[in-house]
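Engineer: Output the structure for:
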Amino acid sequence: MSKLIKWAVLAVLAVAVLIKLSLWLSVRSIMEDAARQLSPIMEIRYGGITSSFDGRVGLSQIEVRVPAMGDSLRISHAALKFEGLGELLRFKERLAEGRFPEQMAVSLEGLSLDVHGPFMRQLYAVPAERSVLTAMSEVACGKIRTIGTDELLDMGYRTFETDGEFSYRIQPGARRLHLNLTSDTRDIGELRVALSLINMADNPADVRVSPPRVERLSVELNDNQYQRRVQAYCAAKLDLAPEAYRKLAVEQLDKVLRSQRVALDQPLLDAYALYLEDPRALHVEFQPSEGMVWDGLQFFDAKDVLAMLRPAVLVNHQAVQPLGFAWVDPTVRLASATSAPAAVERVGSVAAGARTGFVTVSSLADHVGKRLRFVTYDGMYYQGILTRVANDKAYLRLQAGNGTAQMSLRLEKIDKVRVQF
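Structural biologist: From the prediction side, this is the model:
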């Protein structure tokens, strides 16, 4: 019996060694192929290969150098994580078949990049195009509109060191895809992004024909030390007290957003001021309604946009209520409190102009054959050609991939209708 146990143990150890050797050889083969293919533009070096029986395999002491730029990035450890050893062993096989595992994570530890290096200078050389999404990146800092590498060096940054992880999970039966990104950069802060998509096509090639729908999107910033440094740097540059600079920073955000036709309601601006005072945590989340199209939001009234996006904002773990904004004319400037009534009147005229093209539900029969945009009372959004109105329903022809589809809407459920000119 003892001999049997001994041989069983030896067999298990032999299998473990073979698995380790197989993983080592597979990773080495993949890295050699990658290094060979990328050799014209970059050099890849690594110190060793790591693996474990819980479904992890990785590389240590990685250096990626781009001779043309004269710069490099360094990674202490990079790893692929799978649900188990079986998924890990089948990974290369799945790649050859053009398929991905249902779950995988890519982890990076100690990713290091020099602030003064060519990579960072190229990244910051051309500021991002001004938009609602980049509004918080613009600063009130004298002649500086956005922070660049010179300003980063003045604020004491020399090297960016980041730990990060990107993961995804596919639910084939539910046709859902969950994406998560976590990044923790020393002396900067932590970023968390989560995205859930539904109606995912089984074949990646079909995504363009039948795009998935965003079910949930959340962005979270924690322990924003970068914001603290920016405030201290710009306040000193402008010779302002911290309270005075925070007020100026809120005005800057409002100004940038108004240039994009968006004016936040006062509760949101007040919440942003509180965040600047103590930038511990900022959480923004959207749960878009079914049928919403992102590139068509500008055609709707502000309250309808909020109904479709269903946003939530938390500052330092406290919910901000109420949430609201207005569409405004970018040429209007609120120079002083005395000019505010005139600005409000102008905003009202813009909102009225935005309603041009809306028709009543009772007159739908007069618009058969036209392309219409519908918003229902529960926030659903539809766009298509009206084919007929009968039996208290509006019948539409919708574009669906390379073909068309027919659907109907009960008239009592329709809130707004707009003719697409």
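
Engineer: what about M292, neighbour count?
Structural biologist: 22 (other Cβ atoms under 10 Å). For the C-beta atoms, the positions are set from N, CA and C on the backbone; glycine is no exception.

Engineer: Equivalent analysis for Q225, please.
Structural biologist: 14.

Engineer: pretty sure it contacts I188?
Structural biologist: Yes. Assessed by Cβ atoms under 8 Å, Q225 is found in contact with I188 at 6.1 Å.

Engineer: what touches both of those two?
Structural biologist: Residues touching both Q225 and I188 by Cβ atoms under 8 Å, 6 or more residues apart in numbering: none at all.

Engineer: all helices for this structure, in order.
Structural biologist: 2-38, 85-89, 91-96, 118-125, 149-154, 225-238, 242-259, 266-277, 302-309, 340-354 (DSSP state H).

Engineer: Pull the shortest one out as CSV, backbone CA atoms only.
Structural biologist: Just to be clear, that refers to helix 85-89. C-alpha atoms of helix 85-89 as CSV (Å, rounded to 0.1, in the frame of the first residue of the first chain):
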residue,chain,number,x,y,z
LEU,A,85,-5.9,25.5,-15.3
GLY,A,86,-8.0,23.9,-18.1
GLU,A,87,-8.9,27.3,-19.6
LEU,A,88,-5.2,28.3,-19.4
LEU,A,89,-4.1,25.1,-21.2
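
Engineer: which other helices and strands contact that helix?
Structural biologist: Counting contacts by 3 or more Cβ pairs under 8 Å, 6 or more residues apart in numbering; DSSP states H and E, helix 85-89 is packed against helix 2-38.

Engineer: redo that, cut-off 10 Å
Structural biologist: On a contact count with 3 or more Cβ pairs under 10 Å, 6 or more residues apart in numbering; DSSP states H and E, helix 85-89 meets helix 2-38, strand 48-52, strand 56-66, strand 71-81, strand 103-114.

Engineer: between the ones you listed, which has the poorest average model confidence?
Structural biologist: Across these, helix 2-38 has the smallest mean pLDDT, namely a mean of 65.

Engineer: Tell me how the chain divides into domains.
Structural biologist: 115-344, 357-419 (automatic domain parsing).

Engineer: got a list of contacts for stretch 145-156?
Structural biologist: 114-117, 120-125, 127-128, 130, 134, 137-139, 141, 144, 157-158, 160, 187, 226, 229-230, 232-234, 236-237, 252, 256 (Cβ atoms under 10 Å, 6 or more residues apart in numbering).

Engineer: Could you list the buried residues of that stretch?
Structural biologist: The neighbour-count check on stretch 145-156 (16 or more other Cβ atoms under 10 Å) flags 147-149, 151-152, 155 as buried.

Engineer: Could you do stretch 75-83 as well?
Structural biologist: Per 16+ other Cβ under 10 Å, stretch 75-83 contains these buried residues: 75, 77-82.

Engineer: now do stretch 210-230
Structural biologist: Buried residues in stretch 210-230 (16+ other Cβ under 10 Å): 215, 217-218, 220-221, 224, 226-227, 229-230.

Engineer: who's L195 bridged to?
Structural biologist: Beta-bridge partners of L195, counted by DSSP bridges, are L179, L217.

Engineer: same thing with F286?
Structural biologist: With DSSP bridges as the rule, F286 is bridged to L217, P311.

Engineer: Which residues are in contact with it?
Structural biologist: Contacts of F286 (Cβ under 10 Å, 6+ apart): 214-219, 292, 308-312.

Engineer: do you know how far the residue nearest to the spatial centre of the chain is from L123?
Structural biologist: A centroid search over the chain (Cα atoms, centre = their mean) returns V193, at 6.2 Å, as the residue closest to the centre. Separation of V193 from L123 (Cβ to Cβ, to the nearest Å): 19 Å.

Engineer: and if you look at D71?
Structural biologist: 11 Å.

Engineer: what's the overlap in contacts for the two?
Structural biologist: Jointly contacting D71 and L123 under the rule Cβ under 10 Å, 6+ apart are 113, 117.

Engineer: the more surrounded of those two?
Structural biologist: Using other Cβ under 10 Å, the more surrounded residue of D71 and L123 is D71, with 18 against 12.

Engineer: Would you confirm that the more buried one contacts F119?
Structural biologist: Yes. Counting by Cβ atoms under 10 Å, D71 sits close enough to F119 to count as a contact (4.8 Å).

Engineer: shared neighbours of the two, which are they?
Structural biologist: In contact with both D71 and F119: L113, using Cβ under 10 Å, 6+ apart.

Engineer: wait, what's in contact with M407?
Structural biologist: Going by Cβ under 10 Å, 6+ apart, the list of residues near M407 reads 382, 384, 393-398, 400.

Engineer: Oops, could you answer that again for A307 instead?
Structural biologist: 289, 292, 300-301, 375-381, 415.

Engineer: List buried residues within the residues you listed.
Structural biologist: Among the contacts of A307, those classed as buried by 16+ other Cβ under 10 Å are 289, 292, 300-301, 375-376, 379-381.

Engineer: Show me which positions of stretch 270-279 end up buried.
Structural biologist: 271-273, 275-276, 279.

Engineer: Can you tell me which of these lies closest to R90?
Structural biologist: P279 (44.3 Å; Cβ to Cβ).

Engineer: My read is that the closest one contacts R228, right?
Structural biologist: Yes. Between P279 and R228 there is a contact at 6.4 Å, judged by Cβ under 10 Å.

Engineer: what residues do these two have in common as contacts?
Structural biologist: G189.

Engineer: Could you tell me the per-residue confidence at M69?
Structural biologist: 84.

Engineer: What's the separation between it and S51?
Structural biologist: On the measure of Cβ to Cβ, M69 and S51 end up 32 Å apart.
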